[in-house]
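# everything below, folded, please.
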Amino acid sequence: MVFAIILLLLLIVSVLFNAGALVTSVFHTKGVVSRTVGPRFEEVITEDNDAGDKLAVVDIQGIITSRITEQGGFNMVELIRAQLKRAQDDHKVKAVILKVDSPGGEVLASDEIYRAIWDFQKKGKPVIASMGNLAASGGYYVSAPCQWIVANDLTITGSIGVILHSWNYRGLMNKVGLRPETYKSGKYKDMLSGERNPDEIPPEEREMVQTLIDQTYDRFKEVVAEGRKQAHSKNKDNKAAKDQGRPLTADWASYADGRVLSGSEAYKLGFVDQLGNFRDAVERAQALAGISSANLIEYRQHYDFSDLFRLFGKTEAPVVKVDLGMDVPKLQAGQLYFLSPTFTH
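Predicted structure coming up:
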């Protein structure tokens with residue numbers, strides 16, 4: 001009875017506070033009622049400059065992943081895509097500022113965000129990356145397509161490379177008297193298995209894994225070269241911009257060996273266009289968009305009662321979390337990552 005009363009109260013509160021959102025998310029077309037799918041956002045003004053134009057600020061914080069987040073049941077890629085679409089559809093939004101503070105993450109998730117930013121800019125609105133404390137590996141991957149990149153002198157960036165992590169625990173199994181029995185359909189079906197003795201792994205298997213790493217690494221370098229070339233070309237054609245940005249140096253690829261760089265080093269090599277902070281990124285966004293002033297906005301997820309029922313419907317077992325003062329990435333064996341190993345331990 002108590003539970004039923006609580007649910008009734010929540011329903012009443014939800015109806016009162018979400019009536020407006022319900023009207024906007026439900027529309028009638030030829031008598032058919034449809035409901036918007038995907039993440040729903042409400043626009044929040046974070047800096048009111050009494051301007052008609054807007055700059056949308058989109059955050060990329062922490063590990064880049066395709067896993068479902070705790071906020072509303074959507075993953076990071078879906079949230080970024082939805083925010084970019086909202087910014088694209090709003091004619092008052094003249095540019096997007098991408099606030100990046102990430103050590104990187106999954107290869108596919110990073111690439112999906114990269115493509116979303118690349119496609120967004122094709123329609124005429126620039127994206128300016130504002131790097132925070134950390135924009136390494138996948139954090140730089142998603143910044144590479146941006147028309148302008150701003151980093152602090154002390155920003156940790158670079159770490160251009162790919163890592164595949166696995167464990168070999170056969171030695172431990174031998175100590176406790178465990179012996180695996182494996183039945184497989186092909187010679188390489190148990191690739192990356194941690195149950196085998198290292199000397200049982202054929203050289204050609206190691207070569208195949210390394211080829212996969214190399215192909216993904218080549219893609220990373222293509223993204224950097226392509227993004228920086230395109231950005232420099234656009235900035236040169238922008239007559240309103242006083243600065244044309246930084247092209248990549250001739251020897252940039254020799255620094256794309258997994259090493260981390262400071263913002264100052266990245267600027268010298270052409271990985272970033274400007275040294276500065278978030279405020280500098282705002283000024284640059286206004287210059288590239290050809291406007292003198294703008295309100296800063298963010299898109300924050302909006303929840304209604306249907307989201308509450310969806311959360312109740314989750315079947316995952318409860319997880320006990322220990323706060324270590326930082327987010328420790330959960331690397332899955334056999335999965336490729338654009339991730340700086342400096343921040344994985």
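
# now do the strands in the stretch 51-200 of the chain.
Taking DSSP state E, counting those that start in this stretch to define them, one finds strands in the stretch 51-200 of the chain at 54-61, 93-102, 104-106, 127-136, 148-151, 156-158, 163-164.

# pairing partners for the fourth one, with directions?
I take that to be strand 127-136. When pairs are called by DSSP bridges, strand 127-136 turns out to pair with strand 93-102 (parallel), strand 148-151 (parallel), strand 156-158 (parallel).

# just send these back as CSV, with mean pLDDT, distance to Ala136 and mean neighbour count too.
Quick note: C-beta positions are derived from backbone N, CA and C, even for glycine. Shown next, in CSV, are the strands paired with strand 127-136 (pLDDT from 0 to 100; distance: least, CB to CB, whole Å; neighbours: other CB atoms under 10 Å):
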stretch, mean pLDDT, distance to Ala136, mean neighbour count
strand 93-102, 97, 8, 24
strand 148-151, 97, 11, 30
strand 156-158, 96, 6, 25
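
# kindly reformat those as a markdown table containing distance to Gly62.
Formatted as a markdown table, these follow (distance: least, CB to CB, whole Å):
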| stretch | distance to Gly62 |
| --- | --- |
| strand 93-102 | 6 |
| strand 148-151 | 18 |
| strand 156-158 | 15 |
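
# wait, which of those strands is closest to Val2?
Between Val2 and those, the tightest spacing by CB to CB is seen for strand 93-102, at 42.5 Å.

# around the nearest residue to Ala116 once chain neighbours are set aside, how many other residues sit close by?
Excluding the flanking residues, the one nearest Ala116 by CB to CB, 6 or more residues apart in numbering is Arg81, at 5.0 Å. The number of residues packed near Arg81 is 21, by other CB atoms under 10 Å.

# number of nearby residues for Leu10?
Neighbours of Leu10 (other CB under 10 Å): 12.

# how about the strands paired with strand 127-136, which one is nearest Glu181?
Nearest to Glu181 among the strands paired with strand 127-136 is strand 93-102 (41.9 Å), distances taken as CB to CB.

# and the gap between the residue lying closest to Gly132 once chain neighbours are set aside and Asp53?
Nearest non-adjacent residue to Gly132, counting by CB to CB, 6+ apart: Asp101, 3.7 Å away. The gap separating Asp101 from Asp53 is 26 Å, by CB to CB, to the nearest Å.

# before we move on, what about Arg219?
Taken as CB to CB, the span from Arg219 to Asp53 is 36 Å.

# quick one: mean pLDDT over stretch 298-314.
Per-residue pLDDT values across stretch 298-314 average out to 64.

# using CSV, list the CA coordinates for stretch 6-13.
Only the C-alpha atoms of stretch 6-13 are listed here, as CSV (Å, rounded to 0.1, in the frame of the first residue of the first chain):
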residue,chain,number,x,y,z
ILE,A,6,4.4,6.6,-3.4
LEU,A,7,3.9,5.7,-7.0
LEU,A,8,0.7,7.7,-7.1
LEU,A,9,2.4,10.7,-5.7
LEU,A,10,5.3,10.4,-8.2
LEU,A,11,2.7,10.2,-11.0
ILE,A,12,1.0,13.3,-9.9
VAL,A,13,4.3,15.2,-9.6
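
# what mean pLDDT does it have?
In this model, stretch 6-13 has an average pLDDT of 80.

# how far out from the middle of the chain is it?
Put simply, stretch 6-13 sits 35 Å off its chain's centre (CA atoms, centre = their mean, to the nearest Å).
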